[in-house]
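Asks: Predicted model and sequence follow; I will ask about them next.
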Amino acid sequence: VGNRDDSNLYINMKLKAAAEIGISANHIKLPNTATEAEVLKCIASLNGDPAVHGFIVQLPLDSDKPINTEKITNAVSPEKDVDGLSSINAGKLSRGDLGDCFIPCTPKGCMELIRQTGIQVAGKRAVVVGRSKIVGAPMHDLLLWNHATVTTCHSKTSTLAEEVGKADILVVAAGKAEMVKGEWIKPGAIVIDCGINHVPDSTKASGKRVVGDVAYSTAKEKASYITPVPGGVGPMTVAMLMQSTVESAQRFLKKFQPGKWNIQYNQLTLKMPVPSDIEISRSCVPKPIDQVAKEVGLLPDEMELYGQTKAKVHLSALQRLENQPDGKYVVVTGITPTPLGEGKSTTTVGLVQALGAHLHHNVFACVRQPSQGPTFGIKGGAAGGGYCQVVPMEEFNLHLTGDIHAITAANNLVAAAVDARIFHELTQTDQALYNRLVPSVNGVKKFSDIQIRRLQKLGINKTDPAALTKEQVNLFVRLDIDPGTITWQRVLDTNDRFLRKITIGQSPTEKGFSRTAQFDITVSSEIMAVLALSDGLDDMKKRLGRMVVASSKRGEPVTADDLGVTGALAVLMKDAVKPNLMQTLEGTPVFVHAGPFANIAHGNSSVLADKIALKLVGKEGFVVTEAGFGADIGMEKFFNIKCRYSGLRPHVVVLVATVRALKMHGGGPAVTAGVPLPKEYMEENLQLLAKGCSNLNKQIQNARIFGVPVVVAVNAFKTDTKAELALVVQLAKEAGAFDALECTHWAEGGKGALALARAVQRASEMPSNFRFLYNVELPIIDKIRLIAQQIYGASDVELLPEAQEKVALYTKQGFGNLPICMAKTHLSLSHDPEQKGAPTGFILPIRDIRASVGAGFLYPLVGTMSTMPGLPTRPCFYDIDLDPVSGEVNGLF
């Protein structure tokens, strides 16, 4: 801190010494205006940086602001305190724990000099003159624990000469020029002079010379060994700093294997029968989230804590790790499910717990954030299940860090801007609009940056508002939105069926401008898809600006950038873009980030979470992410959309199957949420099961189309028989799966997915032949047809008139080269949810096609679907309550 000449001299000596022996060292300079808080922040950053093995705070701190030196030195992490000045290291030294602390460099150098004489310290009488925390006090302790009999003298010692005369070993650090006289010294004593003092000397150009605390000329006549000043203790102090830094690096390497996390896993206490999810969740005591962050290699200034159990991770972590190799990339998907789900989330968590807590690989899970709509509606909370959960469940399901609320605010700002712009254009002249859009501030009119972009888009290369012609003003101020083409809806993260169709603008103040509109659920917003597919703040901002909200009356797309709202959206989303860090029951790390719909969007967690996780786990680690719905939907979009934009290449597909779902596909009765399973699902039926494996076979083939090995995880239920599970495993292998295994992770946690984890590890070592299903340059209809025929099993597709019009419109508007995101039922490979198994030969009807240009895909609508769920007769919220004493949430799961 500051710019003292003497401090700079000492620092340069240390930097030079470091360079000579191959230590990478640099000087962090803070100005003399630095505050205590700024110094502490810098220290915290260095404490958390695994690339730094040691650092020192050069004293004194030359600041204009009051700084507590003791507080600063104690802020240095003891394992990096190579100067040995922290209270913890001092305490360990005074206690004799010499192998588990750093010793201050000057006393350490003095001790080394004494050893170099070859004279044994043990049993000798030693005297230390001075009791400073930097030299005197630690020197006393060091001599004591090397078995000398030690006396410390100081300014109040009345018999100083007498005590000095008894010393076999004399260390002087009093800071007083030539205080110790030669005649005091015992003949043959070892004398270590730590003093640096300036005394007048007219023979020197500077008018002064450097002397120590000992009168050297007379003392050297009596001492057997004596250090000169300068050139004695000083160089040794620097050498010991280098040695301590090397020792710190050696300790670090011993504790942290290169590429391996030093992570503490939680031991599960398994119970039978398996308790409720919430009971299991609350029986686990999560690690503090800052501990989890440190364990996986995140730095303190790369995260923002949201309480004790969740944190946001800054994108600077990705920049810091950009040169690190990526780990293995695994996607978990499933067969076509029953309405109850087949346990993809549970399998994702079970797999990472097995890879991490049991096989000790670096591993991250990356999952979607759930919507609150289903949580309070029909589904309840979701965070895996049994002994495979993300914890705490309440935090996971309620608010988390507010990302979905940020999306709600951003989405509705766009919706408000659309209708407000139509209203203002209807009620104002061109000049009135222009005066309001480009107001005069202190007599000066100026375009904002976003208005300059609009002018450039219009081909108007002017920056002076006064230079526009009337025609150019008209083009600039008139978006001419066609209300009938508005595709942007308002959103709410609550299931509310009565908002599916509404009329807006009924107040008299809206002057008769009203239109029919609707609310969707927040997770269906294009902004959610933008968040999930962005690879950084700049990319997100560009995608937000490209979002098309309507067409003009001339048939041109109107974007968020045209509305002038892009910057505001980026501001609302600036925190949401940071992934959220949580943990599993067994203490493995989890990123929870983004939760786009898996029908009208791509149904996968964020690219950013995956990219950061892949860097953190390192080359031999694993990142396991989950794709929504079955392999025909979530996995296909994961490959063709998410991997296309991210540039990431998957190593393994884990395909989750259940005996229950396969029996349904074999012709079993309907499975309905909230209704007991029919007896066909409770009894062994190998024939029904074998028939239903046609769906498993097709989904295995779907994954193999992309050139990625498939491992089938048969999620075992207590009603499954050994013969049924063995049959599924056998048929999966015959269908081309790399391996297939029975899994019991729901009841046993990571232990129950060990076989799956080992199979995934083996599969990840196979050569990667990943390929996309289609080239985006193909016509829109051809891309749709490829997905329908190769993934779903259709013989062809049929575009209804509205869809045909959209193909022509989007091709004309320049959106024909976007990937395809099919919006289709997840309950069948076909468009008909009643068709189970692996239907073929059907015609896939395309009702309409819509564009999410900012997210970067077109989504054909197959059949009808609602983007605003409703509440059932008895919603989940009947059971939800808050304990006023403990503050615990009850009934959520």
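Replies: Looks like it arrived, so ask away.

Asks: residues touching Gln58, list them.
Replies: Residues near Gln58 by Cβ atoms under 8 Å, 6 or more residues apart in numbering: Val1, Ser7, Tyr10, Ile11. Glycine gets a C-beta too; all of them are placed from N, C-alpha and C.

Asks: For the second one, grab the count of nearby residues.
Replies: Same thing as Ser7. If you count neighbours by other Cβ atoms under 10 Å, Ser7 ends up with 16.

Asks: Report whether the expected contact of it with Asp62 is present.
Replies: Yes: Ser7 lies in contact with Asp62 (Cβ atoms under 8 Å); the separation is 6.8 Å.

Asks: any weak-confidence spans in this protein?
Replies: Applying pLDDT under 70 to the chain flags the ranges 257-258, 378-382, 892-893.

Asks: three-state assignment of Leu85?
Replies: Secondary structure, DSSP: H, G, I helix; E, B strand; the rest coil: Leu85 is coil.

Asks: Excluding sequence neighbours, find me the nearest residue to it.
Replies: The shortest distance from Leu85 to any non-neighbouring residue, by Cβ to Cβ, 6 or more residues apart in numbering, is to Thr73 (4.5 Å).

Asks: again, but for Ser514
Replies: Closest to Ser514 by Cβ to Cβ, 6+ apart is Gly505, at 3.6 Å.

Asks: who's in contact with the one you found?
Replies: Counting by Cβ under 8 Å, 6+ apart, Gly505 touches Asp419, Phe423, Phe513, Ser514, Arg515.

Asks: what does Ser132 give?
Replies: Contacts of Ser132 (Cβ under 8 Å, 6+ apart): Ala173.

Asks: What distance do you get for the residue lying farthest from the centre of the chain to Lys344?
Replies: In terms of distance from the mean C-alpha position of the chain, Glu183 ranks first, at 67.9 Å (Cα atoms, centre = their mean). Between Glu183 and Lys344 the distance is 87 Å, computed by Cβ to Cβ, to the nearest Å.

Asks: Ok, Leu268 next?
Replies: When Leu268 is compared with Lys344 (using Cβ to Cβ), they lie 21 Å apart.

Asks: Could you tell me how far the nearest residue to Asp201 once chain neighbours are set aside is located from Lys542?
Replies: Using Cβ to Cβ, 6+ apart and skipping residues adjacent in sequence, the residue nearest Asp201 is Arg209, 4.1 Å away. Relative to Lys542, Arg209 is positioned 67 Å away (Cβ to Cβ).

Asks: What of Leu40?
Replies: 37 Å.

Asks: Domain ranges for the protein, per the record?
Replies: For the chain, the TED database gives the domain ranges 99-241, 277-401+575-765, 404-573, 780-861.

Asks: which of those domains sits most buried?
Replies: Comparing the domains of the chain by mean neighbour count (mean count of other Cβ atoms under 10 Å), domain 277-401+575-765 comes out on top with a mean of 22.

Asks: From one end of that one to the other, what's the distance?
Replies: This stretch, domain 277-401+575-765, spans 35 Å end to end (Cα to Cα, to the nearest Å).

Asks: related to what we said a few turns ago, can you list which of the contacts of Gly505 are found in helices?
Replies: With DSSP state H as the criterion, helices contain Asp419, Phe423 from among the contacts of Gly505.

Asks: Closest one of the contacts of Gly505 to Leu608?
Replies: Asp419 (32.0 Å; Cβ to Cβ).
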